[in-house]
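Novice: For reference, the sequence and a predicted model appear below.
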Amino acid sequence: MNPPKKKIARLSAQITLAACAAFMLAWQAHAEANRVTFPKLEDLVHYTTVRRGNVTEHISTTREAIEAIQKGQPVPNGTHFVLADHRDEKIYRYFVMEKGPGWGADFEERRRTGDWQFQWYWPDRKINLQENTARCMSCHSSQKDRDYLFTARRLPEFRGKPVE
């Protein structure tokens with residue numbers, strides 16, 4: 001191979017490696033590791049529904065979490081909250097919050113939402129790697145006085161039928 005072609009081949013390889021490295025860094029920024037698991041939906045209780053235009057959100061959690069909040073107690077570790085996001089009456093994705101002992105320590109203090117962690121899932125229950133869970137933490141941090149739950153005020157009203 002003559003010297004100009006070697007230079008071009010070397011430069012091309014360097015550009016390709018740099019692009020791959022940039023892609024991996026960007027991918028890791030969205031696919032942040034956490035401990036959230038997808039729960040058995042049949043074990044959860046649908047306690048509220050939120051409607052916004054063509055979006056309907058059915059929110060469920062454990063009976064133990066509902067009872068704890070109704071008694072003024074903290075939500076127990078191991079609790080899942082699931083928002084089933086429907087668009088035009090079809091499931092679009094799931095948003096899952098899960099609480100675990102000491103889980104807040106997995107993140108810098110400025111990002112913590114108590115011991116809650118968050119994950120987005122597609123309808124097939126595979127993790128949605130395009131969602132940035134740091135946004136979830138940022139938004140839910142505004143609900144610190146309600147254990148980071150936007151729908152905490154609806155739980156005391158729940159009597160077996162979803163609150164709207």
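Specialist: Perfect, I can see it now.

Novice: check contacts around V55.
Specialist: The contact partners of V55, by Cβ atoms under 8 Å, 6 or more residues apart in numbering, come to 85-87. Yep, even glycine has a C-beta here, placed from its N, CA and C like the rest.

Novice: distance of it from A134?
Specialist: 22 Å (Cβ to Cβ, to the nearest Å).

Novice: Next, the buried residues of the longest strand seen in the chain.
Specialist: Criterion DSSP state E: the longest strand present in the chain is strand 90-99. Neighbour-count burial for strand 90-99 flags 94-99 (criterion: 16 or more other Cβ atoms under 10 Å).

Novice: what does the helix or strand following that strand contact?
Specialist: The helix or strand immediately downstream of strand 90-99 is strand 116-121, counting by DSSP states H and E. Residues outside strand 116-121 that contact it (Cβ under 8 Å, 6+ apart): 34-36, 38, 93-100, 103-104, 106, 127-128, 131, 133, 136-137, 140, 148.

Novice: Low-confidence ranges, this structure, go.
Specialist: The chain contains residues with pLDDT under 70 at 1-33.

Novice: beta partners for the residue nearest in space to the middle of it?
Specialist: Central residue of the chain (Cα atoms, centre = their mean): Q119, 2.6 Å from the mean position. Applying DSSP bridges to Q119 gives these bridge partners: V96.

Novice: From L83, how far out is it?
Specialist: Distance of Q119 to L83, given as Cβ to Cβ: 11 Å.

Novice: who touches both of these two?
Specialist: Residues within reach of Q119 and of L83 at once, by Cβ under 8 Å, 6+ apart, are 95-96.

Novice: isn't R153 right up against R146?
Specialist: Yes. Using Cβ atoms under 8 Å, R153 is in contact with R146, at 7.1 Å.

Novice: Strands along the protein, start to end?
Specialist: Taking DSSP E as the criterion, the chain carries its strands at 45-52, 55-61, 80-87, 90-99, 116-121.
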